[in-house]
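>>> model the structure of this input:
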Amino acid sequence: CQPSRFEGLPNALCEAMLTGCVPVVTNVNGNPTAVGDIGYQVAPGDDEGLAAAILRAFMLDEGEGDRSRNRIVSFFPRDRRVRDLTRLVEGLVR
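Below you'll find the predicted structure:
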């Protein structure tokens, strides 16, 4: 669950999805980019909607967790992250 009011692209959310967690997020900034059509998105400040989404997420079958993991693996593959980080570090060194 990532009930942020402001957020970049949250590492903790992506890491949780890699382990098969079904995301429940507020639909702000980078959260929708990370989750796509997986899990649940609610408006910031919608406490009742957030609680309901968490309960629905707990009721899903395990296949949804596999979908979470597959989304992160396909959208943010390791080789891309290594390449981007290497470019960033090399740019700072020069």
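>>> now do the contacts for residue 57.
When the contact criterion is C-beta atoms under 8 Å, 6 or more residues apart in numbering, the partners of residue 57 are 22, 23, 24, 39, 40, 64. C-beta here means a position set from N, CA and C on the backbone, and glycine is covered the same way.
>>> would it be right to say that residue 41 lies in a helix?
No. Counting by DSSP: H, G, I helix; E, B strand; the rest coil, residue 41 is located in no helix; its state is strand.
>>> my read: it touches residue 35, true?
Yes. Counting by C-beta atoms under 8 Å, a contact exists between residue 41 and residue 35, whose distance comes to 6.6 Å.
>>> of these two, which one has the most company?
Neighbours around residue 41 and residue 35, counted as other C-beta atoms under 10 Å, are more numerous at residue 35. The numbers are 24 against 19.
>>> next, give phi and psi for the more buried one.
Note on residue 35: its backbone torsions stand at phi -90, psi -30 [degrees, to the nearest 10].
>>> ok, so of the contacts of residue 57, who is nearest residue 31?
Of all those, residue 31 sits closest to residue 23, with 7.9 Å by C-beta to C-beta.
>>> nearest to residue 91, of the contacts of residue 57?
Nearest to residue 91 among the contacts of residue 57, counting by C-beta to C-beta, is residue 23 at 31.5 Å.
>>> my read: residue 34 touches residue 23, true?
Yes. Using C-beta under 8 Å, residue 34 is in contact with residue 23, at 7.2 Å.
>>> what touches both of those two?
Taking C-beta under 8 Å, 6+ apart as the contact rule, the neighbours common to residue 34 and residue 23 are 13, 17.
>>> put the alpha carbons of the lowest-mean-pLDDT helix or strand in the chain into PDB.
Averaged element by element with mean pLDDT, DSSP states H and E, the chain has its least confident helix or strand at helix 78-93 (a mean of 85). What follows is the C-alpha trace of helix 78-93 in PDB, where atoms were taken according to Å, rounded to 0.1, in the frame of the first residue of the first chain:
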ATOM      1  CA  ARG A  78      17.500  -5.000 -14.800                       C
ATOM      2  CA  ASP A  79      19.700  -4.300 -17.800                       C
ATOM      3  CA  ARG A  80      17.900  -1.000 -18.400                       C
ATOM      4  CA  ARG A  81      18.400   0.000 -14.800                       C
ATOM      5  CA  VAL A  82      22.100  -0.900 -14.900                       C
ATOM      6  CA  ARG A  83      22.500   1.000 -18.200                       C
ATOM      7  CA  ASP A  84      20.700   4.100 -16.900                       C
ATOM      8  CA  LEU A  85      22.600   4.100 -13.600                       C
ATOM      9  CA  THR A  86      25.900   3.700 -15.300                       C
ATOM     10  CA  ARG A  87      25.200   6.700 -17.600                       C
ATOM     11  CA  LEU A  88      24.300   8.800 -14.600                       C
ATOM     12  CA  VAL A  89      27.400   7.900 -12.700                       C
ATOM     13  CA  GLU A  90      29.700   8.400 -15.700                       C
ATOM     14  CA  GLY A  91      28.100  11.800 -16.300                       C
ATOM     15  CA  LEU A  92      28.900  12.800 -12.700                       C
ATOM     16  CA  VAL A  93      32.500  11.700 -13.000                       C
END
